[in-house]
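Asker: what's the 3D shape of this:
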Amino acid sequence: MSNPLKHYRILIVDADIEMSQVVKSMLREMGFSDVHLTRSGKDAITLMQTMNFDFIITEWNTHQIDGIGLLEFIRRDPKSPNPTIPVIMLTGRAEQVDVALARDYGVNEYMIKPFTAKSIYNRLERIIEQPRSFVATKNFVGPDRRSRTAPKVSKERRFWKSAPKTKPKEVLKILHDNGVDEPKVWLPDFSLKLKLGKNVRLDSIITENVLNQSQAAINSITSNSLLWIKENLNELKRLYDILVSPNPLPEIASDISDILLAVNSRAGTFGYSRVGEISYILYLFVRNKMDVNNKNHHVVIQKHLQVLQVLLGNQMEGDAGEVGEQVASDLKGLIDKYAA
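Answerer: The predicted structure is shown next:
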């Protein structure tokens, strides 16, 4: 039987090219063969203007234009070739403020790294099998955030207007020619579902066995992943040296945060859950608490780096047992001590 998944064209946007390759390998195991990669939001926009994609998987952290900027272009820019295209954000950013911001910019699905084949499949099933209505208002353009049910009367007691099908050019015309005087809603677009074929469900193609094979494709990269994570740690050490130098630039905190998110996503995806946990806790400290000129904060970074090196040097997978539990507790105490 012919595989209908070969008819889908997918774009993955992620500054971490190794993780992009992992997602691509997993998707190919599922049956998606037409998968394109780029590290840059700017290049993603160029590709969208020359090729028709069925959906996009993007990180928040991408080169030149980030994932939010890419979303803004897709949903609102007059040059967007398809403002209604489904977008999945696959990112290490797990704070509620980030989730809310991405939804405000019109993301379809927000998925937090680390990931599994099953968790990726669940998001694909939603955009293909359960597409949502598409909404255009003065302040929001994107999939209906409220529910997958029929539109209701708004607070001003005006009725939502529904069109029979999402038409990208019509969305742009309303946004940029006529404006949006009141909310406009298009009924769910089932074009991705129709690509599967008549009466065909996604789970009849991507079965449990296929998902297991897809997960095995991720697991097979474990030896390489350890090298990738160690490269991240080397970069963290380099950034730490800059941090403790005289008069470090404030943006060093952002650079450290980005690397910590990469460690979290790589470590968690490839079975080093304690390493991922420690990296993310440190990320939150750097993002929300760290003062680049505070020497106590430098100590927090240094101690976390030392622990991460020990855990990875001994290839301590999973939660690293009692050792991992103890060091995580010690590091939390250190952060509590110096976070004020």
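Asker: Worst mean pLDDT across the helices and strands of the chain, which element?
Answerer: Every helix and strand in the chain was compared by mean pLDDT, DSSP states H and E; the lowest is strand 161-163, with a mean of 43.
Asker: Okay, helices next: where are they in the stretch 51-200 of the chain?
Answerer: Taking DSSP state H, counting those that start in this stretch, the helices of the stretch 51-200 of the chain run over residues 67-76, 96-104, 117-129, 168-173, 191-194.
Asker: Would you tell me which one of the ones you listed is buried the most?
Answerer: Of those, the one with the most neighbours on average (mean count of other CB atoms under 10 Å) is helix 67-76, at a mean of 22. C-beta: built from backbone N, CA, C; applies to glycine.
Asker: how far off helix 96-104 does that one point, in degrees?
Answerer: In terms of direction (axes from the mean of the first three to the mean of the last three CA atoms, to 10 degrees), helix 67-76 departs from helix 96-104 by 20 degrees.
Asker: low-scoring stretches of the stretch 201-340 of the chain, by residue?
Answerer: By pLDDT under 70, the weakly predicted segments of the stretch 201-340 of the chain are 222, 340.
Asker: So which residues of it form helices?
Answerer: Using DSSP H, counting those that start in this stretch, helices in the stretch 201-340 of the chain cover 208-219, 222-243, 252-269, 273-288, 295-313, 321-338.
Asker: contact partners of the shortest one?
Answerer: Under the contact criterion CB atoms under 8 Å, 6 or more residues apart in numbering, helix 208-219 has outside partners 22, 25-31, 116-118, 121, 269-271.
Asker: Stretch 48-59 too?
Answerer: Contacts of stretch 48-59 (CB under 8 Å, 6+ apart): 8-16, 23, 36, 41, 44, 47, 67, 70-71, 74, 79-82, 85-92, 108, 127, 192, 195.
Asker: One more: stretch 117-132?
Answerer: Contacts for stretch 117-132 (CB under 8 Å, 6+ apart): 23, 26-27, 29-30, 55, 86, 88, 90, 108-109, 111, 143-144, 148, 188-190, 192-193, 196, 201-203, 206, 211-212, 214-215, 217-218.
Asker: what's across from the residue nearest to the spatial centre of the chain in the sheet?
Answerer: With distances taken as CA atoms, centre = their mean, the chain has residue 90 as the residue nearest its mean C-alpha position (1.7 Å). For residue 90, the beta-bridge assignment (DSSP bridges) gives partners residue 111.
Asker: re earlier: so which of the contacts of helix 208-219 would you say is closest to residue 293?
Answerer: residue 269 (34.5 Å; CB to CB).
Asker: Spit out the contact partners of the closest residue to that closest one other than its chain neighbours.
Answerer: Of all residues not flanking residue 269 in the chain, residue 114 sits nearest, at 4.0 Å (CB to CB, 6 or more residues apart in numbering). For residue 114, the contacting residues are 264, 265, 266, 267, 268, 269, 270, 276, by CB under 8 Å, 6+ apart.
Asker: Widest-spaced pair of the residues you listed?
Answerer: Most distant of the contacts of residue 114, by CB to CB, are 264 and 270, 11.4 Å apart.
Asker: Neighbour count for those two, which is higher?
Answerer: residue 264 (28 against 23; other CB atoms under 10 Å).
Asker: residue contacts, the more buried one?
Answerer: Taking CB under 8 Å, 6+ apart, one finds 92, 113, 114, 276, 277, 279, 280, 283 in contact with residue 264.
Asker: Give me the buried subset of these.
Answerer: Using 16 or more other CB atoms under 10 Å as the burial test, the contacts of residue 264 include 92, 113, 114, 276, 277, 279, 280, 283 as buried.
Asker: okay, these in a markdown table with distance to residue 135 next?
Answerer: Below are those laid out as a markdown table (distance: CB to CB, whole Å):
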| residue | distance to residue 135 |
| --- | --- |
| 92 | 28 |
| 113 | 28 |
| 114 | 31 |
| 276 | 35 |
| 277 | 37 |
| 279 | 37 |
| 280 | 33 |
| 283 | 33 |
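Asker: How far does stretch 224-232 sit from its chain's centre?
Answerer: Distance, stretch centre to chain centre, for stretch 224-232: 20 Å (CA atoms, centre = their mean, to the nearest Å).
Asker: again with stretch 74-91
Answerer: 14 Å.
Asker: Give me the mean pLDDT for that stretch.
Answerer: When pLDDT is averaged over stretch 74-91, the result is 94.
Asker: what do you get for stretch 117-135?
Answerer: Stretch 117-135 carries an average pLDDT of 95.
Asker: burial of residue 267, as a residue count?
Answerer: 29.
Asker: you'd agree it is up against residue 276?
Answerer: Yes - using CB atoms under 8 Å, residue 267 is in contact with residue 276, at 3.9 Å.
Asker: where does the residue nearest to the centre of the chain sit relative to residue 193, distance-wise?
Answerer: Separation of residue 90 from residue 193 (CB to CB, to the nearest Å): 22 Å.
Asker: now do residue 236
Answerer: Residue 236 sits 44 Å away from residue 193 when distances are taken as CB to CB.
Asker: So residue 110 is in contact with residue 104, correct?
Answerer: No - using CB under 8 Å, residue 110 makes no contact with residue 104, being 11.2 Å away.
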